[in-house]
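[1] Got a predicted structure plus its sequence, pasted below:
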Amino acid sequence: MTDIVLEKSKVRVYDPTAEGPRENDALAPRSPSLDRLTIGLLDNTKDMVDVLLGEVRTLLEKDFPDVEFRYFRKESVSGAAAGLMEQVAACNAVVNAIGD
């Protein structure tokens, strides 16, 4: 029988906990109504995101029939092209869905 000797190794452990809020953190300004605004729906390409965003759109349209919706789909879950993000940024508000 052969003895197996393992070398010592280091393992890095990352703490995924977010930092707490800072004093200067503030919410973005909110519009009193969504009527006549442009709402972006941003799909991150995960399963069922299109269904979720469709439901969000249906619910918002009931209360705000004058909203314009723009649907955007990222090329991959890991990032978005600068041109796409410029189009998204042109919206008054954005709903970003992350499915699976």
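    Noted; the coordinates are in hand.
[2] So, low pLDDT: which residues of the chain?
    Within the chain, the stretches with pLDDT under 70 are 1-7, 99-100.
[3] my read: residue 44 touches residue 94, true?
    No. In this structure residue 44 lies outside contact range of residue 94 using CB atoms under 8 Å: 11.9 Å. Using the backbone N, CA and C atoms, a C-beta is placed for each residue, glycine as well.
[4] out of these two, which sits in the busier spot?
    Counted by other CB atoms under 10 Å, residue 44 and residue 94 do not tie: residue 44 has more neighbours, with 18 against 15.
[5] so what's the more buried one up against?
    74, 77, 96, 97, 98, 99 (CB atoms under 8 Å, 6 or more residues apart in numbering).
[6] how close does it sit to residue 14?
    23 Å (CB to CB, to the nearest Å).
[7] ok so, going back, just the ones of the contacts of residue 44 in strands?
    When DSSP state E is applied, those are split such that 96, 97 fall in strands.
[8] What is the nearest of the contacts of residue 44 to residue 62?
    Of all the contacts of residue 44, residue 97 has the smallest distance to residue 62: 18.5 Å, by CB to CB.
[9] Just give me the neighbour total for the closest one.
    Neighbour number of residue 97 under other CB under 10 Å is 18.
[10] who does it bridge with?
    Beta-bridge pairing for residue 97 (DSSP bridges): residue 43.
[11] circling back: take the contacts of residue 44 and lay them out in TSV including distance to residue 28.
    Formatted as TSV, the contacts of residue 44 follow (distance: CB to CB, whole Å):
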residue	distance to residue 28
74	21
77	24
96	13
97	18
98	19
99	24
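[12] closest to residue 24 among the contacts of residue 44?
    residue 96 (23.5 Å).
[13] Which residue, other than its chain neighbours, is closest to the closest one?
    Of all residues not flanking residue 96 in the chain, residue 42 sits nearest, at 4.5 Å (CB to CB, 6 or more residues apart in numbering).
[14] got the CA coordinates for stretch 88-97 in PDB?
    Output of stretch 88-97 as PDB, limited to C-alpha atoms (Å, rounded to 0.1, in the frame of the first residue of the first chain):
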ATOM      1  CA  VAL A  88     -32.000  51.300 -22.200                       C
ATOM      2  CA  ALA A  89     -30.800  54.500 -20.500                       C
ATOM      3  CA  ALA A  90     -33.100  56.600 -22.800                       C
ATOM      4  CA  CYS A  91     -36.100  55.100 -21.000                       C
ATOM      5  CA  ASN A  92     -37.700  56.900 -18.100                       C
ATOM      6  CA  ALA A  93     -37.700  53.700 -16.000                       C
ATOM      7  CA  VAL A  94     -36.500  50.200 -16.500                       C
ATOM      8  CA  VAL A  95     -37.700  46.800 -15.200                       C
ATOM      9  CA  ASN A  96     -34.800  44.300 -15.100                       C
ATOM     10  CA  ALA A  97     -35.800  40.700 -14.700                       C
END
